[in-house]
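**Q** turn this into a structure:
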Amino acid sequence: MNLSSARDSTYPANFRARTPLKGIRAQIQDLRTENIAQLAIQAQKLGDVIPLWYGEGDMVTPAFIRDAAKASLDAGSTFYVPNMRGLGALNEALSVYQTRLHRRQISIERTTVAPGGMQALFLGLEMLVDVGTNVVYVEPQWPNIHNAIHLVGGEPRPVALKFDDDWRLDLDELFACCDARTRAIFLSTPSNPTGWTASRDELQALLEFSRRTGIWIISDEVYGRLYFDGEVAPSVLQIAEDDDRVLSVNSFSKAWAMTGWRIGWLSHPVGVADQLAAMTQYMNSGTAAFVQAGATTALKEGEPLVAEIRNRTKTGLDLAYDALAGIAGIVLPAKPKGGMYAFFALEGESDSKTACAKVLEAARVGLAPGYLFGDASRAFLRMCVMRDAKEIQTALDRMVAALG
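**A** Residues are numbered from 1 along each chain as shown. Next comes the predicted model:
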């Protein structure tokens with residue numbers, strides 16, 4: 001019998017391409033990217049769609065940041081940065097920035113620069129999580145978190161925010177989900193997608209639990225400057241001592257309009273700085289010098305920009321809430337204190353994928369389905385509001401006409 005012929009007649013032509021090769025880790029074999037690709041394909045067919053599904057604003061990085069990166073390139077900064085934890089000028093600027101912002105000394109040794117907030121998060125997870133251990137995380141949650149925990153070999157354990165007319169955290173339930181194999185508790189504050197923001201008291205309770213148990217706290221604070229009740233959202237860095245088991249993940253993407261630059265940072269105890277530098281060397285060999293130069297200027301000169309982006313986001317959120325509140329059958333939580341999203345549901349529609357398709361078809365507005373963020377938000381839809389106010393208003397007018 002011709003085995004080759006038998007194989008070819010039994011399996012489809014693309015079988016080899018679709019079958020995982022032997023030896024690939026199980027965590028990689030079943031890894032998938034969940035996104036809005038199907039809706040995007042449908043949107044292309046419809047045309048004239050306003051895309052509010054991405055977690056990204058529409059503002060081009062301002063010239064003063066771009067010019068700093070260009071000047072660095074023109075000066076020949078195209079070589080490795082010897083310090084794996086970041087360019088000296090950027091680490092110094094981060095120390096000054098965080099110390100001022102949180103009114104607490106954050107030394108240079110407590111910060112490691114990474115090519116993106118996602119890479120900063122991954123550094124933290126790789127440092128803490130072994131196969132057979134788990135990370136307890138608060139959902140609804142950006143899907144990258146569940147998958148990153150899975151990718152490093154840990155067990156992702158979601159604990160859902162409670163929802164009545166707003167989202168709230170049950171600390172007792174969160175702590176009860178931890179056990180002897182728990183390496184870290186992960187939360188995003190302000191949250192993507194809900195906008196839920198941990199209070200100082202909640203952060204203090206988390207810190208005290210960490211001190212009792214030895215479990216690390218990983219706080220994603222990427223949206224910390226997009227906070228509407230002050231200059232910055234409550235941060236674990238405002239209360240943690242240097243020897244506390246606390247990691248704070250941050251990024252230049254949102255508050256400085258630098259999503260495509262791929263630069264973020266991890267704030268951490270001084271005691272793990274050397275390990276993080278070594279991990280950086282072996283994982284990515286550092287972040288490009290000219291990108292770090294742009295980020296340094298963003299910190300030093302960018303406070304008016306941060307205020308502009310915060311105001312732009314607040315305007316978009318106010319427009320969204322004014323319009324959505326007038327549509328019968330919209331489930332609208334209390335207005336969030338931070339973030340860049342309106343997160344709502346259609347009454348009687350439990351499948352957010354179907355709901356997004358309805359809105360796309362009827363109103364030509366693209367929203368992100370809540371099931372991507374966990375079971376707790378399976379019925380919800382996410383709308384990015386960090387866009388031009390006229391575009392947001394047009395999208396809302398279409399939704400009112402289609403749904404109202």
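**Q** from here on, contacts and neighbour counts on C-alpha atoms
**A** Will do.
**Q** how near is residue 114 to residue 167?
**A** For residue 114, the distance to residue 167 (CA to CA, to the nearest Å) stands at 31 Å.
**Q** so these two - more neighbours on which side?
**A** Counted by other CA atoms under 10 Å, residue 114 and residue 167 do not tie: residue 114 has more neighbours, with 29 against 17.
**Q** next one: that one from residue 223, what distance?
**A** Taking CA to CA, one finds residue 114 at 17 Å from residue 223.
**Q** also residue 382?
**A** As for residue 382, its distance to residue 223 is 16 Å (criterion: CA to CA).
**Q** which parts of the host helix or strand of residue 67 are buried?
**A** Per DSSP states H and E, residue 67 falls inside helix 63-74. Neighbour-count burial for helix 63-74 flags 65, 66, 68, 69, 70, 72 (criterion: 16 or more other CA atoms under 10 Å).
**Q** mind giving me the packing neighbours of that helix?
**A** helix 289-301 (3 or more CA pairs under 8 Å, 6 or more residues apart in numbering; DSSP states H and E).
**Q** give the rounded mean pLDDT of the helix it packs on.
**A** Per-residue pLDDT over helix 289-301 has a mean of 98.
**Q** so who does residue 380 touch?
**A** 343, 344, 345, 346, 352, 369, 370, 371 (CA atoms under 8 Å, 6 or more residues apart in numbering).
**Q** mind listing the residues bridging to it?
**A** Beta-bridge pairing of residue 380 under DSSP bridges involves residue 345.
**Q** what pLDDT does it get?
**A** Model confidence at residue 380, given as pLDDT, is 98.
**Q** mind putting the buried residues of helix 63-74 into CSV with pLDDT and distance to residue 23?
**A** Output for those, formatted as CSV (pLDDT from 0 to 100; distance: CA to CA, whole Å):
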residue, pLDDT, distance to residue 23
65, 98, 45
66, 98, 44
68, 98, 45
69, 98, 42
70, 98, 44
72, 98, 43
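**Q** tell me the one among those residues nearest to residue 171.
**A** If you rank these by distance to residue 171 using CA to CA, residue 65 comes first, at 40.7 Å.
**Q** the closest one against residue 292, yeah?
**A** No: taking contacts as CA atoms under 8 Å, residue 65 lies outside contact range of residue 292: 10.3 Å.
**Q** picking that back up, what sits up against the helix holding residue 67?
**A** 289, 290, 291, 292, 293, 294, 295, 297, 298.
**Q** again, 7 Å this time
**A** Helix 63-74 is contacted by residues 290, 291, 293, 294, 297, 298 when judged by CA atoms under 7 Å, 6 or more residues apart in numbering.
**Q** count the neighbours of the first one for me.
**A** Using other CA under 10 Å as the criterion, residue 290 is surrounded by 24 other residues.
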